[in-house]
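Asks: Structure for this input, please:
(chains A and B, ligands or ions: 1)
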Amino acid sequence: MTHELPPSASAAPAGPDAVFQDYLAQGEFRIQQCGSCARHLFYPRVLCPHCGGTQLSWRQASGKGTVYACSVVMGKPGTDSDYAVVLVDLEEGARMMSHVIGCDQHAVKIGMPLRARIMERDGKPLVVFEPANGGMP
Amino acid sequence: MSLKDLRGKSAIVGVGQAGIGEARGFSAMEILAQAATRAVADAGLTMRDIDGLATCSSAASMWALPVAEYLGLRPQFIDSTMLGGSSFIAHLMPAMMALESGQCTAVLVCYGSTQKTGTFSRKGMTEAFRLVDPLPYEHPYQPMLPPTAYALAASRHMHEFGTTREQLAEVAVAARRWAQLNPEAYMRDPLSIDDVLGSRMISTPLTVRDCCLVTDGAGAFVLMRADRARAQRQKPVYVLGNATAVWNRQISSMENLTVTSASESGRRAFEMAGLKPSDVDVVGLYDAFTINTLLFLEDLGFCKKGEAGPFVENGGIAPGGRLPVNTNGGGLSCVHPGMYGIFLVIEAVRQLRGECGERQVPDAKIALAHGNGGTLSSQSTALFGLEETL
Ligand SMILES: [Zn+2]
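Replies: Purely as a prediction, here's the structure:
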């Protein structure tokens, strides 16, 4: 299967970065899967970094993920502006950087189950996560 | 020809530093040229003898050009590969090949930065990098780079192996204790584990004292073929092994945050040198953050994976400890002008020549210098030895 473009995409060809953004703008979080080795990849590419395969298809991500690593960036004291930067292992096996919203930033822990959400940040859609199952592994 | 045939075929014949700490009133090029002049003089050469150049900068994309121009060189060999802080260790291998093939006879490796006092500050540079070297899948989440990337690795090391913040702090304290023995080091006031733990948190679990210094500084060294090196004025320090490995650029693309590509660069460098970690007398590890030292002790084989925390406890890598690591005070306490790799080479050379005064490791014959670049992205390992180790 070759690159399948999102339904609303114009006829103009676009690279994987743009296709990813297009899907997000339509409210869909899709990641690529390699037709040769079957592994999922993130970030979007024109080839599979695991095997070099170029037959990549866009799959709906389940949105389920787990915190693999976490660091809280400290804001100015007293401004309540600390925020956690996490690496999330997606259920499909790929990893991405993200934010966890809707919880105490210092309560974000490795192993915490997450669910993806698309939110708008600076006029652009962005994949973030919120705790799933009440944050209990 | 195999890589092993290059073992001991080249030697460092001169080293020089300038502008360590603060070089107010000087440009990066000016302190680079001072360090280069000192390295060339140390070798008993003149700038006219230099016919090979290896240099790079994080501020200029064609840096080798103005350096050649400023120093008045017409190099027959040029390498300006930019791998971040590991670059000047990674420059060894192509320089050795150029010397061995006869492309040139004396390679000057040099670096200088005034990121502390210069007009182009680190903050300005960070902002510029976001434009010219965007990370579209990381920048939207505002990691404070580079600290957050290393903090993420630290979080994982703590989670998997039970490594503690106290053990991370041991690394900073050991570096400071070495720095107190080095008159050239920038920060020499006493530092305790409690001081490190109690200092300002930057990106959990790393405090400001888990992070390297921001200083000015320049360093240079001259590499020649071994047969010519023996005719120079200094005791030659031979390159016994060198290897570089890159597995990723972004921290989010690193497969396992507790295993860096130093595990590959180290294995290949030791293989070329025909040595093992227990043969090494003095160790230099690029300590941009305290977690680096733990990761590299493990990845280079000085201890098992996950055991670097206990390894550094109770002054394990401090003066008088089980292994002398970062004897100049490291990037944490001696000097860190953006890219630190060249200072690891210079300290290895000085230790092997026996010039280190109070911090001298007695009878040091084999030294290791390990450079890191990006956010745990590029790794380059070098092993150096004296004549008797050939
Ligand atoms: Zn594949």
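
Asks: So which residues of the chain form helices?
Replies: You didn't pick a chain, so chain A it is. With helices called from DSSP state H, chain A shows them at A:16-25.

Asks: Oops, wrong one, chain B.
Replies: Assigned by DSSP H, chain B shows helices spanning B:28-42, B:64-71, B:87-90, B:92-101, B:122-132, B:147-161, B:165-179, B:193-198, B:226-229, B:262-273, B:290-299, B:308-312, B:330-333, B:341-353.

Asks: now for these, which one comes closest to chain A?
Replies: Across the helices of chain B, chain A has its closest neighbour in helix B:147-161 (3.7 Å, CB to the nearest CB). Bear in mind the C-beta positions are built from the backbone N, C-alpha and C, glycine included.

Asks: what sits up against the closest one?
Replies: By CB atoms under 8 Å, 6 or more residues apart in numbering or on different chains, the surrounding residues in contact with helix B:147-161 are A:68-71, A:73, A:85, A:87, A:110-111, B:143, B:163-165, B:168, B:202-206, B:210-211, B:251, B:254, B:257-258, B:288-292, B:294-295, B:305-307, B:309, B:375-376.

Asks: which ones are touching B:Ala357?
Replies: Let me fix one detail, which is that residue B:357 is Gly and not Ala. B:Gly357 is in contact with B:Leu181, B:Asn182, B:Pro183, counting by CB under 8 Å, 6+ apart.

Asks: Test my guess that the second one contacts B:Gly330.
Replies: No: assessed by CB atoms under 8 Å, B:Asn182 is found out of contact with B:Gly330, at 10.0 Å.

Asks: between these two, who's got more neighbours?
Replies: Using other CB atoms under 10 Å in any protein chain shown, the more surrounded residue of B:Asn182 and B:Gly330 is B:Gly330, with 35 against 22.

Asks: check contacts around that one.
Replies: Residues in contact with B:Gly330 (CB under 8 Å, 6+ apart) are B:Ala175, B:Trp178, B:Ala179, B:Cys212, B:Gly284, B:Leu285, B:Asp287, B:Thr293.

Asks: would you list these in TSV and tack on pLDDT?
Replies: TSV is the format used below for those (pLDDT from 0 to 100):
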residue	pLDDT
B:Ala175	98
B:Trp178	98
B:Ala179	98
B:Cys212	97
B:Gly284	98
B:Leu285	98
B:Asp287	98
B:Thr293	98
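
Asks: Tell me the bridge partners for B:Leu53.
Replies: For B:Leu53, the beta-bridge partners under DSSP bridges are B:Ile78, B:Leu108.

Asks: And it, how far from chain A?
Replies: Applying CB to the nearest CB, to the nearest Å, the value for B:Leu53 to chain A is 34 Å.

Asks: what's A:Pro49 in contact with, if anything?
Replies: With contact set as CB under 8 Å, 6+ apart, A:Pro49 has these partners: A:Leu41.

Asks: burial of A:Ala38, as a residue count?
Replies: Taking other CB under 10 Å as the criterion, the count of residues near A:Ala38 is 12.

Asks: where does the chain dip in pLDDT?
Replies: Went with chain A since none was named. A:1-11 (pLDDT under 70).

Asks: Can you look at chain B instead?
Replies: Low-confidence segments of chain B, defined by pLDDT under 70: B:121-122.

Asks: before we move on, back to that, list just the nearest of the contacts of B:Gly357 to chain A.
Replies: When these are ranked by distance to chain A (CB to the nearest CB), B:Asn182 comes first, at 31.0 Å.

Asks: tell me which parts of chain A are close to chain B?
Replies: For chain A, the residues in contact with chain B (CB under 8 Å from any CB of the partner chain) are A:17, A:42-43, A:68-74, A:83, A:85, A:87, A:95-99, A:106, A:110-111, A:121-122, A:124, A:126.

Asks: which of these count as buried?
Replies: Buried by 16 or more other CB atoms under 10 Å in any protein chain shown: A:42-43, A:68-74, A:83, A:85, A:87, A:95-99, A:110, A:126, out of these.

Asks: Quick check: beta-bridge partners of the residue in chain A that chain B sits nearest to?
Replies: Proximity of chain A to chain B (CB to the nearest CB) peaks at A:Ser71, 3.7 Å away. Beta-bridge partners for A:Ser71, by DSSP bridges, are A:Val85.

Asks: what's the neighbour count on A:Thr66?
Replies: Other residues near A:Thr66 number 18, with proximity taken as other CB under 10 Å.

Asks: who touches A:Cys70 in this structure?
Replies: A:Ala84, A:Val85, A:Val86, A:Leu87, A:Val108, A:Lys109, A:Ile110, B:Leu152, B:Ser155, B:Thr204.

Asks: One more pass at 6 Å, please.
Replies: The contact partners of A:Cys70, by CB atoms under 6 Å, 6 or more residues apart in numbering or on different chains, come to A:Ala84, A:Val86, A:Val108, A:Ile110, B:Ser155.

Asks: need the residues of chain A near the ion, please.
Replies: Applying CB under 5 Å from the ion, one finds that chain A approaches the ion through A:Cys34, A:Ser36, A:Cys37, A:Cys48, A:His50, A:Cys51, A:Gly53.

Asks: Longest strand of chain B, counting residues only.
Replies: As assigned by DSSP state E, the longest strand anywhere in chain B is strand B:10-21.

Asks: Not counting sequence-adjacent ones, nearest residue to the residue lying farthest from the centre of chain B?
Replies: Taking CA atoms, centre = their mean, the residue of chain B most remote from its mean C-alpha position is B:Pro140, at 30.3 Å. With CB to CB, 6 or more residues apart in numbering or on different chains as the criterion, B:Pro140 has its nearest non-adjacent residue at 5.5 Å, and that residue is A:Leu126.

Asks: Specify the beta-bridge partners of that neighbour.
Replies: A:Met119.

Asks: and B:Val246, how many residues sit next to it?
Replies: A count of nearby residues for B:Val246, using other CB under 10 Å, gives 18.

Asks: again, but for the one 3 residues further on
Replies: For B:Arg249, the tally of surrounding residues (other CB under 10 Å) stands at 17.

Asks: so it sits right up against B:Ser377, yeah?
Replies: Yes: with contact defined as CB atoms under 6 Å, B:Arg249 counts as touching B:Ser377 (5.2 Å).

Asks: How about exporting stretch A:56-75 as PDB, limited to the C-alpha atoms?
Replies: Presented in PDB, the C-alpha positions along stretch A:56-75 are these (Å, rounded to 0.1, in the frame of the first residue of the first chain):
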ATOM      1  CA  LEU A  56       4.100   2.900   4.600                       C
ATOM      2  CA  SER A  57       0.400   3.200   5.400                       C
ATOM      3  CA  TRP A  58      -1.400   5.500   7.800                       C
ATOM      4  CA  ARG A  59      -3.100   3.700  10.700                       C
ATOM      5  CA  GLN A  60      -5.400   5.100  13.300                       C
ATOM      6  CA  ALA A  61      -3.500   5.100  16.500                       C
ATOM      7  CA  SER A  62      -5.400   3.500  19.400                       C
ATOM      8  CA  GLY A  63      -4.400   6.500  21.500                       C
ATOM      9  CA  LYS A  64      -3.300   4.300  24.300                       C
ATOM     10  CA  GLY A  65       0.100   4.900  25.700                       C
ATOM     11  CA  THR A  66       2.300   4.700  28.800                       C
ATOM     12  CA  VAL A  67       4.800   7.100  30.300                       C
ATOM     13  CA  TYR A  68       8.300   5.800  29.400                       C
ATOM     14  CA  ALA A  69      10.300   8.800  30.900                       C
ATOM     15  CA  CYS A  70       9.300  12.000  32.600                       C
ATOM     16  CA  SER A  71      10.900  15.300  33.600                       C
ATOM     17  CA  VAL A  72       9.100  18.300  35.100                       C
ATOM     18  CA  VAL A  73      10.500  21.600  33.700                       C
ATOM     19  CA  MET A  74      10.500  24.100  36.600                       C
ATOM     20  CA  GLY A  75       8.800  27.400  36.000                       C
END
